[in-house]
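> A predicted structure for the sequence below; I have some questions about it.
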Amino acid sequence: MTEPTLDIDILSGWIGRSETRDDVIDLGPAKRMHALLGLGMAAPTDGGALPPLWHWAYFLETVPHAELGPDGHARPTDFMPPVALPRRMWAGGRLEINSALQIGDAARCVSSIANVSRKSGRSGELCFVTVRFEFFVGDKLRVIEEHDIVYRAEAAPGETAPVPPTAPENADWSEQIDSDPVQLFCYSALTYNTHRIHYDRKYCMEVEGYEGLVVHGPLTSTRLVGLAMKHADGAIIKRFDFRALSPIFDTAPHHINARRNGNALELWASGAGGALAMTATAELG
């Protein structure tokens, strides 16, 4: 395995590297996601369409405990570039739905490294990796997704997070979300997310410097797309883009919000004090 590095010429050599996973879209994980989210929608059934982003409960990387790092994340593999920065965060993503995955499908996910870049920010060196996922049933490409992952250095003693922008106040629809440790544990278990910031309060506060447990960005984006489905007037979501801007903690309620903009819904999540935590757009078809 290549030693960790910040040499962009070496890291760029991972662009195009790929791996494939097969899975069956079983009813069980979909029923558990439905129970966790409490969306007020009909329970999933065999043969029904899998709602957008619920595929995150499938195609899971089951890493042996001995291969997890001190933060709970899996140690680097041959697939991901060996970035020499210890903290990793999912910064955003894009989802394009040609046709929905359906419960009962035998599906294949082809993952590939689409891009690697490096830059300096207010918090020091940053490295961005874009991972592309293509989901097939047979030879038909159903869903295309990209994740933007950012790597950064450990927090310096006394370092404070940048002040996030203030969230808009002109929502057409808004819902309050009351997160708690049990809910965060259940989502971590459902998606096999072993990162300690979501369930280990002592680690989260004393090592990472957060004020409480961090609500998963993917959980927030799944709630946002669920809000979009609720107010899409029966239209199908064809594309969903989201960007994480600041963390949400379990120490106070947060809100998910939406407003109509032509053939799309603009969405955002606001944390304590009205801080803008995530933005998203759902394009309807």
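Yep, it's here.
> list the helices and strands the longest strand along the chain packs on?
Longest strand in the chain, counting residues (DSSP state E): strand 106-121. Counting contacts by 3 or more CB pairs under 8 Å, 6 or more residues apart in numbering; DSSP states H and E, strand 106-121 is packed against helix 8-11, strand 18-24, strand 124-137, strand 140-152. Quick note: C-beta positions are derived from backbone N, CA and C, even for glycine.
> in its sheet, what does it sit against?
Strand 106-121 pairs in its sheet with strand 18-24 (antiparallel), strand 124-137 (antiparallel), by DSSP bridges.
> now the longest one: buried residues?
If you call a residue buried by 16 or more other CB atoms under 10 Å, then strand 124-137 has these buried ones: L126, C127, V129, T130, V131, R132, F133, E134, F135, F136, V137.
> please enumerate the helices of the chain.
Using DSSP state H, the helices assigned to the chain run over residues 8-11, 27-37, 181-190, 201-206, 217-230.
> report the buried residues of the shortest one.
The one in question is helix 8-11. Those would be L11, for helix 8-11 by 16+ other CB under 10 Å.
> spatially nearest residue to V63 (excluding sequence neighbours)?
For V63, the nearest residue in space outside its immediate sequence neighbours is A74; the separation is 4.2 Å by CB to CB, 6 or more residues apart in numbering.
> next one: the one you found from Y192, what distance?
To Y192, A74 is 10 Å away according to CB to CB, to the nearest Å.
> show me the contacts for N193.
Y187, H216, P218 (CB atoms under 8 Å, 6 or more residues apart in numbering).
> looking at the residues you listed, which has the most residues close by?
Neighbour counts for these (other CB atoms under 10 Å) peak at Y187, which has 24 neighbours.
> thought it was touching H216?
Yes. Using CB atoms under 8 Å, Y187 is in contact with H216, at 5.6 Å.
> which residues of the protein score low on pLDDT?
Along the chain, the model assigns pLDDT under 70 to residues 1, 76, 121-123, 155-161.
> related to what we said a few turns ago, name the residues contacting each of A74 and Y192.
The contact sets of A74 and Y192 overlap at E61 (CB under 8 Å, 6+ apart).
> of these two, who's got more company?
A direct count of neighbours by other CB under 10 Å for A74 and Y192 places A74 higher, at 17 against 13.
> check contacts around that one.
So A74 contacts E61, V63, E67, L68, T194 (CB under 8 Å, 6+ apart).
> so which residues make contact with stretch 275-285?
Here stretch 275-285 makes contact (CB under 8 Å, 6+ apart) with 163-168, 217, 220-221, 224-225, 228, 232, 235-248, 254, 263-271.
> no more questions from me, cheers.
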